[in-house]
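Chemist: this one's structure only:
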């Protein structure tokens, strides 16, 4: 380590990037002013240097290894989809090469420290504060303590510490590899011409079939082929593509499949960059050896056990709209409610049901009208036309029964947003590819199977245990002996269990908002350009 000082001959006392400095003396004069004044707005940095007697981390005679490791780490920022200008290794190297004075080195010392703080924060927990961009992203991001970062940066294994910042989820490395691959594809011109047909049937024109063939080859779903007919190999390639993109793999090239086929390499790259940022928000937090992963654009809920999918179900998510979109957050599933009562959220009461009651007081007769004390009120005694959404004093409740909006079971992870997983009587919606129809909660296509699966760890006969509660017809709580972490996530680019990349629609437009914020922060979105 080295402290800044001027020696008796007036020469500067370090050897750094061609700048000759002699043996350092005690911190004093201009160097001390630089180290305590330039960052007067950052008390953490000030305290760090003060506590270490203003010894250097980056610009001293013995700091070369740490400095090189930091600059090499900054070199990877583009590969991670991080904002390069915050820790621009090229600019820092140039500044080292042109430093002419101790003051220059003092400023460089602090610039390097600031860059390391920013890089460690961004790589380990994300470059954005998402709640400021979309209030549907409720994820609690754990930011590293700046003082701890500086202490670790000053530790004996700086390079090892830098590596520990990278998210360890296996998908992160796969997404990085996909990003680098897509950048090469974009630089080479992309996937080629888009498909112009409205649909491509087996009897389609040769030109349309050849165009489909070439697109599937460019996307990696078909080996080099000269087919000009809709043969079995072409149909199988279509089915593989559909499976990877959340489309029923029927081999029919209709509008939905064509739209997915025509997504550009640039758009896939943007989805991948956003996915890297979203995964950084989750950092290296323990997701749970067993956890439930609800990827909203994929419309699925999966249970993972030690990294492998052990259960999967289709789901319905919130419909598009500010008040109905499903949020993103993580919590802990603690219990089920069997034969649940549906207490209708206030927003639904006044926006959807009050207008109906004003036309017909007996509409939606399965719902009970409750006064502020929770007593059931005879609807015929209420003049609904006298109320506005702001003044309506009543609540609505649907007791346990056939046709209850929550079905027969709901899976509870208590949270401030009143979001949970639940059954539904509306089963037909699970047959659709795009399943955004709820008011925000997650409807599960196989709720009983999920209940049996979760209860299997606490009962030799989980079905009988569940049915002993179900058959009472009475609302009751069934606790989970082992609470399960639940992660409601939003990834439009994600690898499957075999590492094959799949892409989904940005159903809520959240990726678009995040892309804009990333670009504003200095992230290069396409071809190395912001």
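Modeler: Cool, got the structure. Since we're looking at a predicted model, the values are computed, not measured. Numbering: from 1, shown residues only.

Chemist: C-alpha from now on. contacts and neighbour counts both.
Modeler: Noted.

Chemist: which helix or strand contains residue 248?
Modeler: Taking DSSP states H and E as the definition, residue 248 sits outside all helices and strands.

Chemist: from what I see, it and residue 241 are in contact.
Modeler: No: Residue 248 is beyond contact range of residue 241, at 10.0 Å (criterion: CA atoms under 8 Å).

Chemist: which of the two has more neighbours?
Modeler: residue 241 (24 against 16; other CA atoms under 10 Å).

Chemist: give the pairing partners of the longest strand along the chain; include direction for each.
Modeler: As assigned by DSSP state E, the longest strand anywhere in the chain is strand 476-489. Strand 476-489 has the following sheet partners, assigned by DSSP bridges: strand 290-295 (parallel), strand 329-338 (antiparallel).

Chemist: quick one: closest of those to residue 390.
Modeler: Smallest distance to residue 390 across the strands paired with strand 476-489 (CA to CA): 29.7 Å, for strand 329-338.

Chemist: list the buried residues of that closest one.
Modeler: 329, 330, 332, 333, 334, 335, 336, 337, 338 (16 or more other CA atoms under 10 Å).

Chemist: now these in TSV, with pLDDT and distance to residue 204?
Modeler: What follows is the buried residues of strand 329-338, written out as TSV (pLDDT from 0 to 100; distance: CA to CA, whole Å):
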residue	pLDDT	distance to residue 204
329	97	46
330	97	47
332	98	51
333	98	51
334	98	54
335	98	54
336	98	52
337	98	53
338	98	52
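
Chemist: closest to residue 418 out of those?
Modeler: The closest of the buried residues of strand 329-338, once distances to residue 418 are taken by CA to CA, is residue 329, at 12.0 Å.

Chemist: that closest one is in contact with residue 489, isn't it?
Modeler: Yes: using CA under 8 Å, residue 329 is in contact with residue 489, at 6.9 Å.

Chemist: pull the contacting residues for residue 515.
Modeler: The contact partners of residue 515, by CA atoms under 8 Å, 6 or more residues apart in numbering, come to 270, 274, 525.

Chemist: want to throw the buried residues of strand 329-338 into CSV with distance to residue 464?
Modeler: Formatted as CSV, the buried residues of strand 329-338 follow (distance: CA to CA, whole Å):
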residue, distance to residue 464
329, 32
330, 30
332, 25
333, 21
334, 20
335, 17
336, 15
337, 16
338, 13
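
Chemist: grab the nearest non-local neighbour of residue 446.
Modeler: By the measure of CA to CA, 6 or more residues apart in numbering, the closest residue to residue 446 outside its immediate chain neighbours is residue 313, 5.9 Å from it.

Chemist: same for the longest helix along the chain, what does it pack against?
Modeler: In the chain, ranked by residue count with DSSP state H as the criterion, the top helix is helix 102-125. On a contact count with 3 or more CA pairs under 8 Å, 6 or more residues apart in numbering; DSSP states H and E, helix 102-125 meets helix 29-37, helix 89-98, helix 146-153, helix 265-281.

Chemist: and of these, who's closest to residue 199?
Modeler: Among the helices and strands packed on helix 102-125, helix 265-281 sits nearest to residue 199 (CA to CA), with 21.4 Å.

Chemist: buried residues of that closest one, list them for me.
Modeler: Within helix 265-281, the residues scored as buried using 16+ other CA under 10 Å are 265-266, 268-281.

Chemist: stretch 143-162 now?
Modeler: 146, 149, 150, 153, 158, 159, 162.

Chemist: show residues contacting that stretch.
Modeler: For stretch 143-162, the surrounding residues in contact (CA under 8 Å, 6+ apart) are 44-45, 48, 57, 66, 69-70, 73, 113, 117, 120-121, 124-125.

Chemist: and of the strands paired with strand 476-489, who's closest to residue 499?
Modeler: Across the strands paired with strand 476-489, residue 499 has its closest neighbour in strand 290-295 (16.4 Å, CA to CA).

Chemist: now distance to residue 406 too, for the strands paired with strand 476-489, in JSON lines please.
Modeler: As requested, the strands paired with strand 476-489 are exported to JSON lines (distance: least, CA to CA, whole Å):
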{"stretch": "strand 290-295", "distance to residue 406": "18"}
{"stretch": "strand 329-338", "distance to residue 406": "10"}
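
Chemist: minimum distance to residue 495: which of those strands has it?
Modeler: Closest approach to residue 495 among the strands paired with strand 476-489 is made by strand 290-295 (12.0 Å; CA to CA).

Chemist: give the next helix or strand downstream of that closest one.
Modeler: Assigned by DSSP H and E, the successor of strand 290-295 is strand 300-305.

Chemist: each with direction, which strands does that following strand pair with?
Modeler: For strand 300-305, the paired strands and their directions (DSSP bridges) are strand 290-295 (antiparallel), strand 308-318 (antiparallel).

Chemist: which one of these lies closest to residue 53?
Modeler: Using CA to CA, those put strand 290-295 closest to residue 53, at 47.2 Å.

Chemist: ok, residue 443 - contacts?
Modeler: Residues near residue 443 by CA under 8 Å, 6+ apart: 315, 316, 317, 421, 422, 423, 424.

Chemist: can you count the residues close to residue 386?
Modeler: Residues lying near residue 386 (other CA under 10 Å) number 9.

Chemist: how far away is it from residue 392?
Modeler: From residue 386 over to residue 392 the distance is 9 Å, taken as CA to CA, to the nearest Å.

Chemist: again with residue 113
Modeler: Between residue 113 and residue 392 the computed distance is 58 Å (CA to CA).

Chemist: all strands for the stretch 401-530 of the chain, in order.
Modeler: For the stretch 401-530 of the chain, the strands defined by DSSP state E, counting those that start in this stretch occupy 409-412, 421-422, 436-438, 442-444, 476-489, 493-495, 501-503.

Chemist: point out the most buried one among the ones you listed.
Modeler: The highest average neighbour count among the strands of the stretch 401-530 of the chain, using mean count of other CA atoms under 10 Å, belongs to strand 442-444 at a mean of 30.

Chemist: partners of that one in the sheet?
Modeler: strand 308-318 (antiparallel), strand 421-422 (parallel).

Chemist: now do it: distance to the chain's middle.
Modeler: Taking CA atoms, centre = their mean, to the nearest Å, one finds the center of strand 442-444 at 19 Å from the center of the full chain.

Chemist: low-confidence ranges in this structure?
Modeler: Low-confidence segments of the chain, defined by pLDDT under 70: 1-41, 527-530.

Chemist: what helix or strand is the residue nearest to residue 508 when sequence neighbours are not counted on?
Modeler: Closest residue in space to residue 508, ignoring its immediate chain neighbours: residue 320 at 6.1 Å, by CA to CA, 6+ apart. Assigned by DSSP H and E, residue 320 belongs to no helix or strand.

Chemist: I'd like the distance between residue 320 and residue 275.
Modeler: Residue 320 is 21 Å from residue 275, by CA to CA.

Chemist: and for residue 352?
Modeler: Residue 352 is 35 Å from residue 275, by CA to CA.

Chemist: per-domain residue ranges of this structure.
Modeler: Structural domains assigned to the chain are 15-166, 287-341+401-491, 343-398, following automatic domain parsing.

Chemist: of all those, which one is nearest residue 196?
Modeler: Judging those by CA to CA, what sits closest to residue 196 is domain 287-341+401-491, at 22.4 Å.
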